[in-house]
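>>> coordinates for the following, if possible.
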Amino acid sequence: MIPLVFLTSLFALPAGIFGLPTDVVPVSGQTISLLRRNQSPRDVTEWGALAKSQRENLIAKYGSPKTQKRSTGYNLIVDQLDDSSYYGSLAIGTPAVSFDIILDTGSSDLWVASSSCGTSCGSSPTYDPSSSSTFHNLSTPFNIQYGSGSADGYVAQDTVQMAGFSVSTQGFAVVDAVSTDLLISPVSGLLGLAWQSIASSGQMPLWQTLASGNAWDSALFAVQLTRYKNDSTAQQLEPGGVLNMGYTNSSLYTGSIDYIDIPGTPSFWYIPLISMTVQGNTVSITSGSTAAIDTGTTNIAGPASSIEAIYAQIPNSQPATGEWEGYYSFPCSTTVNVEVSFGGATWSMSPADFAFTQTSSTECIGAFFEASTGTGTPSWIFGDAFLKNVYSVFRYNPPSIGFANLSSIAIAENGAGGTVPSATIGTASASVTNTSDDPRGHALSVSLSTLLFLAFSAVLLL
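Residues are numbered from 1 along each chain as shown. Have a look, this model is predicted:
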């Protein structure tokens with residue numbers, strides 16, 4: 001979700017889950033299994049974690065020399081409203097309270113609705129600063145603008161836990177006013193996963209604190225998203241995939257990960273957009289174009305001339321009107337095939353993701369829409385309509401984005417149904433302390449407990 005100061009975007013609706021393990025689990029980390037209608041004893045995330053742990057425990061026992069222990073974790077994601085948004089969860093405060101939060105690689109601020117938010121936050125659960133013994137008010141005003149609304153409040157610090165990691169004095173915003181419908185229950189806030197340089201609060205994002213502090217096995221995080229929009233039996237909430245922190249799950253992709261470096265100072269997660277074909281025909285892309293990779297945006301935005309050229313390849317398509325201004329309609333009977341390249345491999349997009357929604361028995365609205373971005377910001381925004389088709393990796397150093405083809409196991413999760421994960425509190429095994437008052441700097445101390453992987457453990461120690 002790109003802040004409005006950089007982009008006027010449509011349909012940047014709330015989007016991922018799971019901060020910490022349940023109390024009933026014998027080890028720390030993420031623990032809720034992702035059950036499907038054809039249930040199996042364990043899901044692919046757990047099998048991947050078991051295989052990884054078995055190999056690394058053996059190396060730890062018999063290998064030499066021994067290396068410094070770091071950690072990995074995962075956060076199960078929820079698909080909300082037919083792929084409109086994806087959210088995860090984390091816990092804030094002492095004692096810790098869990099919240100569902102949008103996972104947004106298009107912004108950099110963590111914020112959560114406060115107990116003083118009132119009716120604008122609807123029925124979303126709220127954070128009560130007075131209930132946390134580790135809360136500290138920095139008394140700095142906070143405001144952020146999105147295409148779908150705004151959030152206002154103040155900047156504070158508290159202990160934040162996610163995927164088995166605990167970060168002390170993490171900076172975030174306590175929000176007491178939001179635009180109507182910016183939050184859709186059970187979501188209580190947003191976790192920005194882009195870089196500190198664009199944080200409205202000035203605070204270092206949670207992921208960047210962990211990556212720069214060497215808390216992770218590998219300084220990266222990865223995302224796999226599910227598809228339910230073409231499932232007529234889909235519920236309002238469905239299992240949405242996974243956020244891997246500190247590692248990549250090789251069971252979710254095939255082949256190698258194709259990395260493309262960020263072509264400048266890290267801010268958004270953006271890379272060059274080199275080429276695009278629609279129905280096998282080349283669409284002209286302005287030289288030097290870049291694309292932001294944004295889990296917090298539902299669809300795909302681009303310059304008006306390029307969007308027009310895309311729909312010119314689809315017979316009987318036309319600009320939509322009214323509330324659909326900037327979008328195009330096209331015959332639902334048409335199967336639209338799109339391929340894009342960011343400078344390396346070419347990636348295909350499912351026709352199911354090109355069709356955003358159906359407005360009549362014969363007409364559909366396409367996922368590509370017109371939007372003008374600000375000077376110095378990416379001219380294209382690639383959201384979930386594209387990201388559902390790839391395994392996406394966001395690497396800290398060198399700053400880059402990687403894509404890989406989804407494995408058959410990952411693809412099988414689309415429309416599979418099952419139990420929707422819920423936010424749960426537990427004990428974190430990896431802790432990071434940010435002791436600096438300077439929002440642009442941090443001092444870290446990392447302590448990792450030694451434990452063996454047991455069934456349903458999401459945090460693996462090397």
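>>> just the helices in the protein please.
Per DSSP state H, the chain carries helices over the ranges 44-62, 206-212, 304-311, 351-354, 384-387, 408-412.
>>> what packs against the second one?
This points to helix 206-212. strand 165-178, strand 220-225 (3 or more Cβ pairs under 8 Å, 6 or more residues apart in numbering; DSSP states H and E). In short, each C-beta sits where N, CA and C put it, glycine included.
>>> and for it, what's in contact with it?
90, 110, 160, 162, 165, 167, 170, 191, 193, 195-196, 204, 216, 219-221, 245-246, 396-397, 432, 434, 442, 444 (Cβ atoms under 8 Å, 6 or more residues apart in numbering).
>>> OK, contacts around the closest residue to Phe142 other than its chain neighbours?
In space, Phe142 comes closest to Ala173 once its chain neighbours are excluded; the distance is 4.1 Å by Cβ to Cβ, 6 or more residues apart in numbering. Under the criterion of Cβ under 8 Å, 6+ apart, the contact partners of Ala173 comprise 109-112, 142, 144, 151, 153-156, 200-201.
>>> so which of those residues comes closest to Pro319?
Ile144 (30.7 Å; Cβ to Cβ).
>>> roughly how far apart are the closest one and Met204?
16 Å (Cβ to Cβ, to the nearest Å).
>>> state the distance from the most centrally placed residue in the chain to Glu339.
In the chain, the centroid-proximal residue (Cα atoms, centre = their mean) is Leu103; its distance is 3.7 Å. Using Cβ to Cβ, Leu103 is found at 26 Å from Glu339.
>>> returning to that earlier point: of the contacts of Ala173, closest to Ala423?
Distances from Ala423 to those, taken by Cβ to Cβ, are shortest for Val112, at 11.9 Å.
>>> any idea what the closest residue to that closest one other than its chain neighbours is bridged to?
Spatial nearest neighbour of Val112, excluding adjacent residues (Cβ to Cβ, 6+ apart): Gly189 at 3.6 Å. Beta-bridge pairing of Gly189 under DSSP bridges involves Ile101, Val112.
>>> I'd like to know how many residues surround Gly189.
31 (other Cβ atoms under 10 Å).
>>> what does Ser130 give?
7.
>>> now Asn316
Quick note: Asn316 (other Cβ under 10 Å) scores 12 neighbours.
>>> if we ignore the residues flanking it in sequence, what's nearest it?
Nearest non-adjacent residue to Asn316 (Cβ to Cβ, 6+ apart): Pro331, at 5.2 Å.
>>> OK, contacts around the one you found?
314-317, 362-364.
>>> restricted to strands, list those.
Of the contacts of Pro331, the ones assigned to strands by DSSP state E are 363-364.
>>> can you say which of the contacts of Pro331 are buried?
314, 317, 363-364 (16 or more other Cβ atoms under 10 Å).
>>> widest-spaced pair of those?
Ile314 and Glu363 (12.1 Å).
>>> list residues touching both of the two?
Common neighbours of Ile314 and Glu363 (Cβ under 8 Å, 6+ apart) are 330-331.
>>> just to revisit the earlier point, who wins for most neighbours among the contacts of Ala173?
Ranking the contacts of Ala173 using other Cβ under 10 Å puts Val112 first, with 32 neighbours.
>>> from Ile102, how far out is it?
11 Å.
>>> quickly list what's touching both of those two.
Joint contacts of Val112 and Ile102 (Cβ under 8 Å, 6+ apart) are Gly189.
>>> list the buried residues for stretch 236-253?
237-249, 251-253.
>>> distance between the ends of it?
End-to-end span of stretch 236-253 (Cα to Cα, to the nearest Å): 27 Å.
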